[in-house]
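Trainee: next comes the sequence, and after it the predicted model I'd like to discuss.
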Amino acid sequence: MQTFVAPMFSIDEGSLPSEIIGVSPLARIYYGQTEAGPRVIDGVLELPVHMVTDGTAGFIETWHATGNVTVVIRGSVAVAHDGQQLVCAGFVPRHGRWADAIRQAYAQGIALADELGYANIFRMWNMIGHINETNQDGLEVYRDFCVGRAEAFDVRKMIDGVPSATGIGSRGDGISFYFLATRSGRITNLENPNQVPAFEYPDDYGPRPPSFARASTIDGADKLFISGTASILGHRTMHVGNIEKQLETTRDNLQALLRASEDDERGWQLEHVKVYVRHSRDLETVRRFVEQNLPTPTPPVYMNVAICRSDLLVEIEGVARR
Ligand SMILES: C=C(O[C@@H]1C=C(C(=O)O)C=C[C@H]1O)C(=O)O
């Protein structure tokens, strides 16, 4: 298994992964061929997510700690925290209807993070089995998920906005999620001027719009966390059926976000990207495009999974630094 070291986020100063080797992990996300609830192995919080098919290499995403780690398990969620930062992981097994179970699991995670003093949630990932299929009422699973998540975030939205996110298909049956929060770093959320904010999408896309910001920064951390980004302009999917054109629009959207956040003369540079590809036949085209157009110091990871709208063929998320 390849190890993908996600950047530590520190509110003191940005650190390159190479500077933090040797510090014990806060959490490990196993991008492999099984899904399960969060577990604690040798004191480390782990979440196995089913994002990889036979014949594709999996990877482990490691979030590094800045101090002694405490793990707390409550109901279907578990958190690991180190005094500065917190990872919360949860898993909801397959349901005929998702909204209630998702609201409960998210509410539990948010309450636990709040209680421990990590109120600044800035990034979340949601890996959704059967994402484009319908639930027992005929509502698309992704839209059903969005209802539960929106309800869990309703209270917080009024306080400090919604975090940046990924909401993507998985190879499993349930919904796995994890989110990151800091204790004291102020979070700034950014929007892409070429896209309608997702939380304002019209209701053609479901009863509750997706609760996420396009990108987030943390004061002092010198990191920009970019949400899963696809070929959407305004609120519409562009270039249905055309992988090359969807890649170009996705790249342009990523670049717009890198520019939207230029608040001083130092620009942002992409450090890591994760790439989601709906059809395996497009993998090579996507790989070539990403290598040429979105170069990063560490190799990108590719996953062959479904995407939140059935007309999207590719999606890319990233972390940038300056
Ligand atoms: C691709 C989009 O949305 C996707 C769904 C998200 C979610 O629901 O959390 C977040 C980012 C993307 O993974 C989009 O709406 O632009």
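Mentor: Structure received.
Trainee: all the strands of the stretch 51-200 of the chain, residue numbers only.
Mentor: Secondary structure of the stretch 51-200 of the chain, counting by DSSP state E, counting those that start in this stretch: strands at 59-64, 70-74, 77-81, 85-92, 120-128, 164-169, 175-182, 187-190.
Trainee: residues in contact with K274?
Mentor: 166, 300-301, 303, 316-318 (C-beta atoms under 8 Å, 6 or more residues apart in numbering). For the C-beta atoms, the positions are set from N, CA and C on the backbone; glycine is no exception.
Trainee: for whichever residue of the stretch 1-150 of the chain sits closest to the ligand, what are its contacts?
Mentor: Nearest to the ligand, among the residues of the stretch 1-150 of the chain, is N126, at 5.5 Å (C-beta to the nearest ligand atom). For N126, the contact set (C-beta under 8 Å, 6+ apart) comprises 145, 149, 165-168, 175-177.
Trainee: what would the strands of the stretch 51-200 of the chain look like in TSV with mean pLDDT?
Mentor: Shown next, in TSV, are the strands of the stretch 51-200 of the chain (pLDDT from 0 to 100):
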stretch	mean pLDDT
strand 59-64	88
strand 70-74	92
strand 77-81	95
strand 85-92	96
strand 120-128	96
strand 164-169	98
strand 175-182	96
strand 187-190	90
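Trainee: make CSV out of those and add distance to H235.
Mentor: Listed next are the strands of the stretch 51-200 of the chain as CSV, based on distance: least, C-beta to C-beta, whole Å:
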stretch, distance to H235
strand 59-64, 30
strand 70-74, 36
strand 77-81, 31
strand 85-92, 27
strand 120-128, 20
strand 164-169, 15
strand 175-182, 24
strand 187-190, 18
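Trainee: of those, which is nearest S231?
Mentor: Closest approach to S231 among those is made by strand 164-169 (14.6 Å; C-beta to C-beta).
Trainee: what does the closest one contact?
Mentor: Residues outside strand 164-169 that contact it (C-beta under 8 Å, 6+ apart): 122-132, 142, 145-146, 189, 210-216, 225-228, 274, 276, 303, 305-308, 315, 317.
Trainee: one more time with 6 Å, if that's ok
Mentor: For strand 164-169, contacts defined as C-beta atoms under 6 Å, 6 or more residues apart in numbering pick out 123-126, 128, 131, 212-213, 215-216, 225, 227-228, 276, 305-306, 308, 317.
Trainee: between the contacts of K274, which is closest to L258?
Mentor: G318 (8.8 Å).
Trainee: for the protein, what lies in contact range of the ligand?
Mentor: Residues of the chain lying near the ligand by C-beta under 6 Å from any ligand atom: 126, 165-168, 198, 210, 212, 227-228, 230, 232, 308, 315.
Trainee: can you do 8 Å?
Mentor: Selection of the chain residues close to the ligand by C-beta under 8 Å from any ligand atom yields 124, 126, 142, 145-146, 149, 164-168, 195, 198, 201, 210-212, 214, 227-230, 232, 276, 307-309, 312, 315, 317.
Trainee: pull out the buried members of those residues.
Mentor: 124, 126, 142, 145-146, 149, 164-168, 195, 198, 201, 210-212, 214, 227-230, 232, 276, 307-309, 312, 315, 317 (16 or more other C-beta atoms under 10 Å).
Trainee: those in helices, which ones?
Mentor: Judged by DSSP state H, helices contain the following of these: 142, 145-146, 149.
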